[in-house]
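> sequence plus the predicted model coming up.
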Amino acid sequence: ARRSYAGVERAPPQLGRVRDEIGEAVALGILDGDEIIYLDVVESQSDRRLAPARGGRAAVHATASGKVIAAELDDDRVREVLASAGMQARTPRTIASIESFFDELEDVRNLGYAVDDGESTVQGRCVAVAVPDTHLPAAVSICAPSSRMPLEAVNDLSALLAEIAKEIIGGSTRSSKRQA
């Protein structure tokens with residue numbers, strides 16, 4: 001049976017394929033009110049795992065999925081989300097001010113992906129891209145302990161996620177190239 005979440009179908013096969021290719025957790029999340037909710041998660045098979053729980057909720061300001069989704073929203077909506085949820089610091093690296101968050105969103109908009117570098121979980125790292133053309137803002141992400149995901153790898157991982165995001169909504173195939 002096919003599942004549809006916010007206009008997103010066929011996510012589990014793509015998520016599993018990416019996990020099998022890179023060995024790390026892959027998740028599909030959407031904006032639900034003022035939080036990210038993870039609809040599908042395919043966990044790493046490693047003994048040391050870092051992955052959100054399916055159905056789990058997370059802060060927009062402290063996650064790669066939250067940041068990349070926020071980058072797709074207009075600034076007034078982002079302010080509403082942050083005002084409603086607050087900006088509690090989860091780790092010493094969490095962005096905890098609106099001004100700093102908007103600086104981060106500028107970078108996310110320029111890069112086309114977001115990174116959580118120990119902002120949600122100490123020694124954790126995630127990279128996320130937006131899933132285009134969905135009814136609700138959605139993102140697909142890869143999460144791992146920072147020891148297994150060096151910052152130098154996030155650009156290549158984001159390109160892989162961008163291809164998968166297009167596939168999830170029935171767009172281009174894995175053979176497509178990400179346009180700069």
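That came through, no problem. Being a predicted model, the structure only gives us computed values, none of them experimental.
> all helices for this structure, in order.
Assigned helices in the chain, in chain order: 11-22, 64-72, 75-85, 98-111, 154-168 (criterion: DSSP state H).
> deepest of these, which one?
helix 64-72 (a mean of 28; mean count of other Cβ atoms under 10 Å). Any C-beta I mention is one placed from the backbone N, CA and C, and that applies to glycine too.
> avg pLDDT for that one?
Mean per-residue pLDDT for helix 64-72: 97.
> ok, residues contacting it?
Residues from elsewhere that reach helix 64-72, judged by Cβ atoms under 8 Å, 6 or more residues apart in numbering: 27, 29-31, 36, 38, 58-61, 78, 81, 101, 104-105, 108-109, 113-116, 126-130, 137-141, 143.
> now the angle between helix 75-85 and it, please.
140 degrees (axes from the mean of the first three to the mean of the last three Cα atoms, to 10 degrees).
> starting at the chain centroid, how far to helix 64-72?
7 Å (Cα atoms, centre = their mean, to the nearest Å).
> show me the shaky parts of the protein.
The model of the chain has pLDDT under 70 over residues 1-12, 46-51, 171-180.
> go ahead and flag the most central residue of it.
Among the residues of the chain, the one closest to the centroid is Ser65, at 2.6 Å (Cα atoms, centre = their mean).
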